[in-house]
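Visitor: the sequence isn't on hand, but the structure is:
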């Protein structure tokens, strides 16, 4: 089993001799309280088309981008702090979900916002794992889905290593303000703007909305060889919906890589708990690929059809 060794500053009182994943007890009433004890009106799915107006902002994107080196792959992405500050200070109706989360000082508003504007720890874990364990041949001629993509770094990594990639996030404004600009920043150097836009509009698809509705929207499209997802299992009430979506959108011989924490405080989900849900469903076989040895327990699992 592959292991990374890097520091995480968060503290945990767990004994280092215990199981890699913390035992979890979850009270479903807590989840009901989180969702205000009422039915959530989840956003319907839609395909989001890149807009040529993006090209007018390229100079601004270039000035506020940073580089991330993952193995031999360079990824450029917008700085979250710049984006969030710009959205907060401008009355942009197209960014209402991100703005509401920032004004509410929360990364999760059930049915409204799912934390896509920030890059979470497990995304870094999965990127590093891919750089170590996947070679270019793993990506060639593969159709990949970055599910719950947020900044889109997982999909961009696969894209830059030869895959064709679709991106999905719950929030349309995350796709328009963050994901699509990041993909644009990683187009091959020297391409004319019109060529970049043509590539965005023809080689990638971007989907917003709830997973269940996304699976219905894309049911007649080609299924994915690889699905990458990070920090998407935190809400127990959405886990079966996630698994149903993975089942519907994965090729029979495909595989899914999921990176997550062992426990998400305040919302109840966690990696070990999720694995038990997978086992109970008898659809996928799960395999642990990597675990963090730090106090903040994190891991990566692979799912394949049984």
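Guide: Yes, it's here. Quick caveat, the model's predicted, so the values are computed rather than measured.

Visitor: how about the contacts made by residue 156?
Guide: The contact partners of residue 156, by Cβ atoms under 8 Å, 6 or more residues apart in numbering, come to 75, 77, 165, 182, 183, 186. (Each C-beta comes from the backbone N, C-alpha and C, glycine too.)

Visitor: isn't residue 224 right up against residue 250?
Guide: Yes - counting by Cβ atoms under 8 Å, residue 224 does reach residue 250; the two are 5.9 Å apart.

Visitor: out of the two, which sits in the busier spot?
Guide: residue 224 (25 against 21; other Cβ atoms under 10 Å).

Visitor: find the residue closest to that one in space, skipping its chain neighbours.
Guide: residue 145 (4.4 Å; Cβ to Cβ, 6 or more residues apart in numbering).

Visitor: quick check: neighbours of the one helix or strand the one you found maps to in the sheet, parallel or antiparallel?
Guide: Residue 145 is part of strand 143-147 when elements are defined by DSSP states H and E. Strand 143-147 pairs in its sheet with strand 164-169 (parallel), strand 224-230 (parallel), by DSSP bridges.

Visitor: run through who's touching the shortest one.
Guide: Right, the one you point to is strand 164-169. By Cβ under 8 Å, 6+ apart, strand 164-169 touches 114, 116, 142-150, 152, 155-156, 158-159, 175, 179, 183, 203-208, 211, 214, 224.

Visitor: which among the residues you listed end up buried?
Guide: 114, 116, 142-150, 152, 155-156, 158-159, 175, 179, 183, 204-208, 211, 214, 224 (16 or more other Cβ atoms under 10 Å).

Visitor: among those residues, which are in helices?
Guide: 155, 156, 158, 159, 183, 211, 214 (DSSP state H).

Visitor: now the third one: how far from residue 263?
Guide: Translated: residue 158. 28 Å (Cβ to Cβ, to the nearest Å).

Visitor: do the second one as well
Guide: Relative to residue 263, residue 156 is positioned 29 Å away (Cβ to Cβ).

Visitor: quick one: mean pLDDT over the strand holding residue 145.
Guide: Computed over strand 143-147, the mean pLDDT rounds to 98.

Visitor: now do it against helix 153-160, angle only.
Guide: Orientation check (axes from the mean of the first three to the mean of the last three Cα atoms, to 10 degrees): strand 143-147 against helix 153-160 gives 160 degrees.

Visitor: what sits up against strand 143-147?
Guide: 152, 154-155, 158-159, 163-168, 211, 222-229, 232, 245-246, 249.

Visitor: rerun that using 7 Å as the cut-off
Guide: Residues from elsewhere that reach strand 143-147 (Cβ atoms under 7 Å, 6 or more residues apart in numbering): 152, 154-155, 158, 163-168, 222, 224-229, 232, 249.

Visitor: mind telling me what element residue 194 is part of?
Guide: helix 193-203.

Visitor: counting by contacts, list what that helix packs against.
Guide: helix 180-185 (3 or more Cβ pairs under 7 Å, 6 or more residues apart in numbering; DSSP states H and E).

Visitor: gap between the helix it packs on and the chain center?
Guide: 15 Å (Cα atoms, centre = their mean, to the nearest Å).

Visitor: and if you look at stretch 43-56?
Guide: On Cα atoms, centre = their mean, the centre of stretch 43-56 falls 18 Å from the chain's centre.

Visitor: from start to finish, how long is that stretch in a straight line?
Guide: Stretch 43-56 has an end-to-end distance of 29 Å (criterion: Cα to Cα, to the nearest Å).

Visitor: please apply the same query to stretch 204-218.
Guide: First-to-last residue span, stretch 204-218, Cα to Cα: 14 Å.
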